[in-house]
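>>> My questions concern the predicted model and sequence given below.
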Amino acid sequence: MTFEYITKRFEETIGFNWLPEEATESEFKRVVASIGEPNEVSKTRFADLLCEIVCDKLDLYNKEIKFFIDTVAKKSIFFNYQEKLTIRGLFLKGDKAGLSRLLRKRKLNDAQTVVDRISIYSNEQIIGTLSETIKDDQNYDAILNSVFSALVFSLFERDAILSYYTHNKYRNQRFYSFLKERYPVKYEREHALSILKVDDTLLQSSRDYSLLLSTVCNYLQQEYKRLQNYCYTGIIIDPLTIDGESIQWRLYSDLVLYATKFIEERLKIGYFHPAKIQETTKRYIPNIDLEKADFSIANTGFTYKDCFILNSEQMCQEGDVVASSYRILVLFQKNKRDEEIIPCPECLSDNVRGNSYPILGVKSWECHNPLCPDKSKYNRGKRYSMSSIIKQEAIEDPSSTIDKNLLSEWRLDVISQKGIESVIDYLIRFYSFFGDTVHLYNMPSIGEEHAGRFLTYTDVPVHKSKKLLDFFDSAFFHRFSILDVSRNEQTFENISEIDGVEIYNGNCRDVLQSMPCNRFDGAITSPPYYNAKEYSHWPNIYCYLYDMYNHAAEVYRTLKPGAYFLYNIFDYFDNENNVVQSAMGEGRMILGAYIINLFRKIGFTIQDNIIWYKGHIQGHRSTNQGNNSPYYQAPLNCYEHILCFRKPGKQLSPIDFPKIVNIYPVIKIVKGVNILGHTAPYPIQLARILTSRIKGVVLDPYAGSFTTSRAASLDSINSVSIEMSKEYCQLGKRLLAQQENTLFKFL
Ligand SMILES: C[S@@+](CC[C@H](N)C(=O)[O-])C[C@H]1O[C@@H](n2cnc3c(N)ncnc32)[C@H](O)[C@@H]1O
């Protein structure tokens with residue numbers, strides 16, 4: 001069939017005159033010159049093919065397919081990805097008999113009743129809908145071009161046209177296998193996942209923290225080279241001590257910072273505007289040393305995905321304190337920017353262009369082949385990235401499917417009673433493919449093969465390198481770890497009305513500067529959010545951290561030696577705004593790691609991290625879109641940090657805090673209305689972790705609705721609360737007075 005003949009047939013079938021784009025014709029001619037014209041098909045076949053494509057592009061069976069799947073789900077029959085694809089294909093073909101066969105195969109007794117309730121459109125109806133759609137749509141030409149090119153593609157013999165685009169004989173195979181065959185070195189899976197266990201054996205007899213840190217940094221640097229792109233590495237950290245002092249969270253902070261920032265690139269790329277970032281930061285931090293801060297460098301590395309808490313005990317009911325030790329598992333993904341073209345997964349053409357970066361390091365492509373059958377309704381080329389291709393491979397490969405029980409066991413990021421073998425099993429099944437090679441470092445052996453993956457074992461050599469540790473004094477840290485030596489003359493107000501509760505309306509740094517050293521017996525707080533909430537005003541992470549650092553320095557000065565500062569913070573999703581402003585810069589923040597680093601610089605030690613387990617809270621981050629396959633699973637984040645800092649000294653005795661607390665979050669929204677008046681209060685039980693264990697005066701520098709002062713009153717200690725917002729001060733005072741009245745009534 002010639003191009004003119006196909007166009008004429010197309011016009012006849014749709015019932016009006018229309019001309020396809022010239023680019024489609026030229027592409028058709030190029031293909032024909034290589035593999036010849038497509039064979040003639042009957043009028044009916046032509047119309048059937050066209051109608052199938054129209055149904056697909058206009059999504060005509062959307063509701064029907066949903067109805068079908070939902071009806072069958074009510075009878076406890078659920079379909080996997082492949083079956084859902086088959087169902088869609090049968091609907092597009094209008095194949096009721098096929099649908100009935102599929103249901104009978106799944107042992108549904110009244111299959112015919114379900115199928116009888118489905119409406120299938122006739123070709124006349126489909127063409128009618130197409131005409132109606134384009135009549136009302138200014139972009140009708142784009143719709144017709146999208147339908148037409150898919151039709152032309154389907155008229156060629158599939159293997160022949162794909163062989164044309166691959167410049168080689170095409171073998172029917174999954175796209176990922178095709179890539180592996182075409183680029184054997186790049187897509188091999190010899191290093192598809194790695195796991196390192198940091199335990200006492202790595203500390204060895206030297207018990208030297210710097211040695212341990214440089215060993216782990218060296219591992220991360222090497223692993224970044226060895227690991228397959230878009231794959232994962234997990235680091236398990238045992239509870240470790242040096243001279244009786246816990247180093248588990250100190251190590252967590254250092255390795256997370258190193259892993260995510262160790263690569264220094266003088267990046268010349270459209271989305272990176274160092275001069276602008278420098279200017280914004282300089283305006284906020286006037287005494288920044290621009291030479292040391294060197295804003296022309298963009299820091300990158302692994303993407304931080306999550307930190308699991310592996311609790312040795314069974315989780316208790318709400319309110320109970322779970323006092324046990326825990327391991328942590330930090331998970332990173334390698335997303336290294338790669339500009340090499342990936343052919344279109346649908347038509348296999350190399351005529352593709354870089355589109356954007358959905359996330360940093362992951363390039364997305366758009367197919368520009370005019371004949372590609374998988375263009376959008378409005379004729380936009382197919383978009384894809386290597387990350388999406390890996391996920392697609394995961395769902396298409398049935399041998400990698402994850403068992404449902406395992407999915408539910410690892411649904412949250414606080415996990416109970418799992419030994420090392422279960423952790424390895426989890427990582428292997430959730431973050432690698434059947435047939436991959438997985439590398440275990442400093443790990444007990446669980447055999448040479450597991451779940452169809454090959455395992456290798458390596459001891460991690462101790463690596464002493466001062467150069468690696470220079471990272472911790474590199475340009476990156478000089479952009480925010482800066483002491484503000486100025487004294488502000490900002491005014492603040494003491495608005496206390498209740499005995500034993502001092503309340504200040506003002507900036508905590510200004511208020512604290514007016515107070516003597518060594519005044520407080522402890523402090524607890526949850527700092528302002530860097531994002532979203534109404535009081536946020538930080539243009540980038542550097543400015544935020546600079547403030548948190550300088551406020552904490554004043555808290556440190558005013559605490560008695562030996563006193564604790566409990567800091568409740570949460571690694572939410574946001575954009576650091578220090579490489580790119582748009583959504584591609586969003587990711588899981590590493591706030592806990594930053595704060596530990598900065599507070600240690602002030603002089604605090606990090607004694608521990610009390611895990612605030614919030615239970616099965618609602619959230620969308622763990623959705624796997626119904627796919628029980630690797631690379632699709634993200635656990636629901638169900639805890640926050642309560643970082644437990646201590647000012648060195650002996651004036652106050654050490655406190656043994658619980659390891660994990662199970663406290664239900666404050667319910668503030670009821671029927672869409674905030675019944676508490678504050679956007680981010682923490683539960684009073686949380687403040688009482690400290691107030692019930694100390695005497696004297698407790699400080700909360702970011703008091704919000706004054707939960708800490710209320711906790712202090714319940715525990716009969718004094719409190720100092722500082723809050724910048726006048727409105728929150730009024731709210732806090734009201735809540736405090738309410739509590740005092742209630743307490744008074746019961747006395
Ligand atoms: C996360 S909220 C604290 C909520 C509090 N824990 C509660 O239970 O209500 C942080 C609070 O810090 C306040 N804030 C922000 N910057 C401040 C500053 N520099 N000095 C004092 N308060 C500040 C905000 O107005 C906000 O109310």
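Right, received. Where do you want to start?
>>> Would you mind listing what in the stretch 401-550 of the chain touches the ligand?
507, 508, 526, 528, 535 (Cβ under 6 Å from any ligand atom). Bear in mind the C-beta positions are built from the backbone N, C-alpha and C, glycine included.
>>> what would those look like in a markdown table with neighbour count, secondary structure and distance to residue 452?
Putting those into a markdown table (neighbours: other Cβ atoms under 10 Å; DSSP: H, G, I helix; E, B strand; the rest coil; distance: Cβ to Cβ, whole Å) gives the following:
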| residue | neighbour count | secondary structure | distance to residue 452 |
| --- | --- | --- | --- |
| 507 | 19 | coil | 58 |
| 508 | 26 | helix | 56 |
| 526 | 23 | coil | 45 |
| 528 | 21 | coil | 48 |
| 535 | 14 | coil | 52 |
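>>> Looking at those residues, which is nearest residue 414?
residue 526 (18.9 Å; Cβ to Cβ).
>>> isn't the closest one right next to residue 683, touching?
No: look at residue 526 against residue 683 with Cβ atoms under 8 Å: they stay out of range, at 10.6 Å.
>>> pLDDT below threshold where in the protein?
Within the chain, the set of residues satisfying pLDDT under 70 comprises 315-321, 323, 532-536, 617-623, 668-676, 743-747.
>>> what's the distance between the residue of it found nearest the ligand and residue 647?
The chain approaches the ligand most closely through residue 704 (2.4 Å), counting by Cβ to the nearest ligand atom. Distance, residue 704 to residue 647, by Cβ to Cβ, to the nearest Å: 23 Å.
>>> one step back: hmm, the residue of the chain closest to the ligand is touching residue 678, no?
Yes: proximity of residue 704 to residue 678 meets the contact threshold set by Cβ under 8 Å, at 5.2 Å.
>>> Neighbour count for these two, which is higher?
Higher neighbour count among residue 704 and residue 678: residue 704, with 26 against 22, using other Cβ atoms under 10 Å.
>>> Just the element for the more buried one, please.
Using DSSP states H and E, residue 704 sits in no helix or strand.
>>> biggest strand in the chain, by residue count?
strand 559-569 (DSSP state E).
>>> OK, contacts around the residue nearest to residue 357 when sequence neighbours are not counted?
In space, residue 357 comes closest to residue 584 once its chain neighbours are excluded; the distance is 4.6 Å by Cβ to Cβ, 6 or more residues apart in numbering. Applying Cβ atoms under 8 Å, 6 or more residues apart in numbering, we find residue 584 in contact with 271, 356, 357, 358, 359, 360.
>>> 6 Å - rerun?
357, 359, 360 (Cβ atoms under 6 Å, 6 or more residues apart in numbering).
>>> what about the strands in the stretch 401-550 of the chain?
Secondary structure of the stretch 401-550 of the chain, counting by DSSP state E, counting those that start in this stretch: strands at 414-416, 437-441, 449-450, 453-458, 493-494, 501-505, 520-525.
>>> now swap in the stretch 201-350 of the chain and tell me
232-237, 241-242, 245-246, 263-265, 298-300, 303-311, 321-322, 326-333.
>>> Identify all contacting residues around the fifth one.
Residues from elsewhere that reach strand 298-300, judged by Cβ under 6 Å, 6+ apart: 261, 263, 265, 267, 272, 476, 579.
>>> who's in contact with the first one?
In other words, residue 261. 299, 301, 476.
>>> separation between the first one and residue 276?
Same thing as residue 299. Relative to residue 276, and taking Cβ to Cβ, residue 299 is found at 17 Å.
>>> Next, the buried residues of stretch 563-577.
563-571, 574-577 (16 or more other Cβ atoms under 10 Å).
>>> likewise stretch 92-103?
92, 93, 94, 98, 99, 100, 102, 103.
>>> Next, the contact list for the second one, please.
Read it as residue 93. residue 52.
>>> Close to the ligand: what parts of the stretch 551-700 of the chain are there?
678, 680, 681, 682.
>>> Phi, psi for the residue nearest to the last one when sequence neighbours are not counted please.
By the measure of Cβ to Cβ, 6+ apart, the closest residue to residue 682 outside its immediate chain neighbours is residue 526, 5.2 Å from it. As for residue 526, its main-chain torsions (degrees, to the nearest 10) stand at phi -120, psi 120.
>>> Give me the distance between residue 526 and residue 731.
Taken as Cβ to Cβ, the span from residue 526 to residue 731 is 16 Å.
>>> Kindly report the same for residue 114.
56 Å.
>>> mind giving me the domain ranges of the protein?
3-174, 193-262+301-336+406-473, 337-399, 476-481+492-616+635-746 (automatic domain parsing).
>>> what's the closest of the ones you listed to residue 287?
Here domain 476-481+492-616+635-746 is closest among the domains of the chain (Cβ to Cβ), at 10.0 Å.
>>> what number of residues lie near the residue nearest to residue 333 when sequence neighbours are not counted?
With sequence-adjacent residues excluded and distances taken as Cβ to Cβ, 6+ apart, residue 333 is closest to residue 303, at 4.6 Å. Neighbourhood size, residue 303 [other Cβ under 10 Å]: 20.
>>> Surely residue 303 is in contact with residue 335?
Yes: distance between residue 303 and residue 335: 5.0 Å, which falls inside the contact criterion (Cβ atoms under 6 Å).
>>> which SSE is residue 595 in?
helix 591-602.
>>> what's that helix in contact with?
By Cβ under 6 Å, 6+ apart, helix 591-602 touches 253, 256-257, 545, 549, 552-553, 556, 569, 571, 606, 641, 645.
>>> So what's the gap between it and the chain middle?
With Cα atoms, centre = their mean, to the nearest Å as the basis, helix 591-602 stands 22 Å off its chain's centre.
>>> helices or strands up against the helix or strand immediately after it in the chain?
Beyond helix 591-602 in the direction of the C-terminus, DSSP H and E gives the next helix or strand as strand 605-613. Identification of packing neighbours for strand 605-613 by 3 or more Cβ pairs under 6 Å, 6 or more residues apart in numbering; DSSP states H and E yields helix 248-261, strand 639-646, strand 660-662.
>>> What angle do strand 639-646 and the longest one make with each other?
Regarding helix 248-261 and strand 639-646, their directions subtend 120 degrees when assessed with axes from the mean of the first three to the mean of the last three Cα atoms, to 10 degrees.
>>> so how far is helix 248-261 off the chain centroid?
For helix 248-261, the distance to the chain centre is 18 Å (Cα atoms, centre = their mean).
>>> now do the shortest one
The chain centroid and the centroid of strand 660-662 are separated by 24 Å, computed with Cα atoms, centre = their mean.
>>> swap in the second one?
Its chain's C-alpha centre and that of strand 639-646 lie 21 Å apart, by Cα atoms, centre = their mean.
>>> ok, residues contacting it?
By Cβ under 6 Å, 6+ apart, strand 639-646 touches 414, 564-570, 592, 599, 604-613, 657.
>>> Now do the contacts for residue 552.
599, 602.
>>> rerun at 7 Å
598, 599, 602 (Cβ atoms under 7 Å, 6 or more residues apart in numbering).
>>> In TSV: those residues, plus neighbour count.
Shown next, in TSV, are these (neighbours: other Cβ atoms under 10 Å):
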residue	neighbour count
598	21
599	23
602	19
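>>> Which helix or which strand is home to the nearest residue to residue 711 once chain neighbours are set aside?
Once flanking residues are discounted, residue 711 sits nearest to residue 687: 3.5 Å by Cβ to Cβ, 6+ apart. Of the helices and strands defined by DSSP H and E, residue 687 is found in helix 684-691.
>>> just the CA coordinates of that helix, formatted as CSV?
Provided in CSV are the C-alpha atoms of helix 684-691 (Å, rounded to 0.1, in the frame of the first residue of the first chain):
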residue,chain,number,x,y,z
ILE,A,684,2.2,16.6,75.0
GLN,A,685,3.5,13.1,75.8
LEU,A,686,6.4,13.9,73.5
ALA,A,687,7.4,17.0,75.6
ARG,A,688,7.0,15.0,78.7
ILE,A,689,9.8,12.6,77.7
LEU,A,690,12.0,15.4,78.9
THR,A,691,9.9,17.4,81.4
